[in-house]
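Engineer: No letters, just coordinates:
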């Protein structure tokens with residue numbers, strides 16, 4: 001599986017692919033491949049066709065995917081030592097992961113999409129998907145800290161699978177909906193419950209700063225991954241809080257894509273977190289909430305693990 005990432009190394013941000021102990025700088029690798037092919041101004045062409053801008057990658061569609069394949073073929077043809085010397089690869093220990101897609105045009109979240117979660121919350125299962133917006137400013141990377149704001153002590157976890165749109169469209173039919181998906185990632189829909197339940201809509205409680213952990217990568221489409229049959233496990237300090245399968249979705253991904261595209265144009269790079277399973281903190285007995293010093297891990301089968309520590313913010 002190809003795991004697209006963004007990372008910072010030596011003060012510069014890069015678009016890359018996670019290969020375990022190493023990160024591929026796909027822009028540099030593509031530049032190298034173009035030079036071998038005799039392309040003039042290879043650096044400028046690479047920067048234009050496969051830049052460090054993840055949104056531009058998804059907007060580029062098949063052209064971006066073709067350039068990515070060429071870059072990875074270039075890396076596969078050299079040794080690790082040669083790759084490091086040429087700047088094609090960076091040791092993971094010498095880099096820091098960033099939000100894989102920091103500037104999506106839209107983040108549209110799905111609520112109450114697991115029957116047991118709706119039941120534990122005491123809320124009905126809706127006849128149509130329940131949606132709410134998130135702002136890109138809330139997104140944080142793997143390893144970044146979730147902040148407990150000074151105005152709340154009811155910060156909760158919500159592990160989720162998220163869809164990343166590759167091909168936009170309006171009035172998309174369910175039978176074609178998965179053709180519009182570029183890949184999948186892990187999302188923690190961190191929720192400030194006392195702000196969420198003060199009113200009848202979700203916006204405030206779902207949009208506190210640092211409340212949108214995402215990543216660590218975006219897994220591009222692969223025939224071996226069935227997004228409707230993967231396990232989601234959320235732990236806090238190693239203790240399992242959520243453990244379910246996406247086979248329990250009330251509304252599957254094609255249904256959600258069709259529904260959203262009925263009222264707004266979906267665009268490349270849009271992110272759709274698909275809802276959380278049962279096991280959230282506010283419905284435990286007694287209720288449990290995140291506190292400073294906690295560590296939240298969300299593991300989605302086939303995608304990896306998103307880990308974020310929790311800290312207290314003063315002002």
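Structural biologist: Perfect, I can see it now. Because the structure is predicted, anything quoted here is derived from the model rather than measured. Numbers count the residues shown, from 1 in each chain.
Engineer: only C-alpha atoms for contact and neighbour calcs from this point on.
Structural biologist: Fine.
Engineer: so what's the nearest residue to residue 257 once chain neighbours are set aside up against?
Structural biologist: Closest residue to residue 257 apart from its sequence neighbours, by Cα to Cα, 6 or more residues apart in numbering: residue 177 at 6.2 Å. For residue 177, the contact set (Cα atoms under 8 Å, 6 or more residues apart in numbering) comprises 253, 254, 257, 258.
Engineer: for residue 177, helix, strand, or coil?
Structural biologist: helix (DSSP: H, G, I helix; E, B strand; the rest coil).
Engineer: Check it and give its pLDDT.
Structural biologist: In this model, residue 177 is scored at 98, pLDDT.
Engineer: Most neighbours among the contacts of residue 177, which one?
Structural biologist: Neighbour counts for the contacts of residue 177 (other Cα atoms under 10 Å) peak at residue 257, which has 26 neighbours.
Engineer: Tell me how far residue 129 lies from residue 181.
Structural biologist: According to Cα to Cα, to the nearest Å, residue 129 stands 19 Å off from residue 181.
Engineer: Mind checking which of the contacts of residue 177 are in helices?
Structural biologist: 253, 254, 257, 258 (DSSP state H).
Engineer: Skipping adjacent residues, who's closest to the last one in space?
Structural biologist: It refers to residue 258. residue 172 (5.1 Å).
Engineer: Quick check, residue 266 in contact with residue 172.
Structural biologist: No - taking Cα atoms under 8 Å as the definition, residue 266 is not a contact partner of residue 172, at 9.1 Å.
Engineer: what comes up buried for stretch 281-289?
Structural biologist: By 16 or more other Cα atoms under 10 Å, the buried positions in stretch 281-289 come out as 281, 282, 289.
Engineer: An error on my part: the question was meant for stretch 263-282.
Structural biologist: 266-282.
Engineer: Helix or strand with the lowest mean pLDDT in the chain?
Structural biologist: helix 115-120 (a mean of 82; mean pLDDT, DSSP states H and E).
Engineer: ok, the residue most central in space within the chain - contacts?
Structural biologist: By Cα atoms, centre = their mean, the chain has its centre lying nearest to residue 185, at 3.7 Å. Contacts for residue 185 (Cα under 8 Å, 6+ apart) come out as 161, 162, 163, 164, 214, 215, 216, 217, 218, 219, 303.
Engineer: Report the buried members of those residues.
Structural biologist: For the contacts of residue 185, a neighbour count by 16+ other Cα under 10 Å gives the buried set as 161, 162, 163, 164, 214, 215, 216, 217, 218, 219, 303.
Engineer: Would you agree residue 8 is in contact with residue 98?
Structural biologist: Yes - taking Cα under 8 Å as the definition, residue 8 is a contact partner of residue 98 at 6.8 Å.
Engineer: So between these two, which is more surrounded?
Structural biologist: residue 98 (23 against 15).
Engineer: gap between the more buried one and residue 71?
Structural biologist: Distance, residue 98 to residue 71, using Cα to Cα: 21 Å.
Engineer: And for residue 250?
Structural biologist: Look at residue 250 and residue 71: by Cα to Cα, they are 39 Å apart.
Engineer: Please apply the same query to residue 240.
Structural biologist: 39 Å.
Engineer: any idea which element the residue lying farthest from the centre of the chain lies in?
Structural biologist: Farthest-out residue of the chain from its mean C-alpha position, per Cα atoms, centre = their mean: residue 38, at 36.5 Å. Here residue 38, judged by DSSP states H and E, is contained in no helix and no strand.
Engineer: okay, it: pLDDT?
Structural biologist: 94.
Engineer: Give me the neighbour count for residue 180.
Structural biologist: Neighbour count of residue 180, defined by other Cα under 10 Å: 19.
Engineer: Now do the helices in this protein.
Structural biologist: Under DSSP H, the chain gives helices at 26-36, 42-49, 54-60, 62-76, 80-86, 115-120, 193-196, 253-263.
Engineer: Buried deepest among the ones you listed, which one?
Structural biologist: Most buried of the helices of the chain by mean neighbour count (mean count of other Cα atoms under 10 Å) is helix 26-36; its value is a mean of 23.
Engineer: low-scoring stretches of the stretch 151-300 of the chain, by residue?
Structural biologist: Scanning the stretch 151-300 of the chain for pLDDT under 70 picks out 223.
Engineer: Run through who's touching stretch 18-31.
Structural biologist: Counting by Cα under 8 Å, 6+ apart, residues outside stretch 18-31 touching it are 2-5, 14-17, 42-43, 45-47, 50-52, 67-68, 70-72, 74-75, 87-93, 217.
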